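Engineer: need the 3D shape of this:
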Amino acid sequence: MEGLELVAFQIISAVGTARSCYIEAIQEAKQKNYDRAKELIEEGDKSFVEGHDAHLKLLQDEAEGKSTTSLLVLHAEDQLMSAEGFKLIALEFIDVYHRIDALEKK
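Structural biologist: Got it, this is the predicted structure:
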């Protein structure tokens, strides 16, 4: 495997890892492990950046006429957007769990 397919799988792998970290961060926050949740968000962000950078390279190549779009790349883009959405949801859940925890302590 090489070229476009390899980059697509790199994106899928990186953002899949990011999405998993974001989901695990929600679970940790639910258990009041806020420091671990923060670590997982940061870990997810590192993986997301890897996927995002690979995606940006594909966009640059296409703009220069160096590549074509494939169904695999569309799937990679879908996974990229899904991971980004999960991050937003994870951050909201963590905030909600913090608030619930603070209210329960009163």
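
Engineer: what's the closest non-adjacent residue to residue 23?
Structural biologist: Nearest residue to residue 23 in three dimensions, chain neighbours excluded: residue 86, at 6.3 Å (C-beta to C-beta, 6 or more residues apart in numbering). For the C-beta atoms, the positions are set from N, CA and C on the backbone; glycine is no exception.

Engineer: what about the helix or strand harbouring that neighbour, average pLDDT?
Structural biologist: Here residue 86, judged by DSSP states H and E, is contained in helix 71-105. Taken as a whole, helix 71-105 has a mean pLDDT of 94.

Engineer: ok, and for it, which residues are buried?
Structural biologist: 73, 76-77, 79-80, 83-84, 86-87, 90-91, 93-94, 97 (16 or more other C-beta atoms under 10 Å).

Engineer: for the closest residue to residue 84 other than its chain neighbours, what are its contacts?
Structural biologist: Once flanking residues are discounted, residue 84 sits nearest to residue 48: 7.1 Å by C-beta to C-beta, 6+ apart. Residue 48 makes contact with 14-15, 18, 83-84, 87 under the criterion C-beta atoms under 8 Å, 6 or more residues apart in numbering.

Engineer: SS state for residue 67?
Structural biologist: Put simply, residue 67 is coil when judged by DSSP: H, G, I helix; E, B strand; the rest coil.
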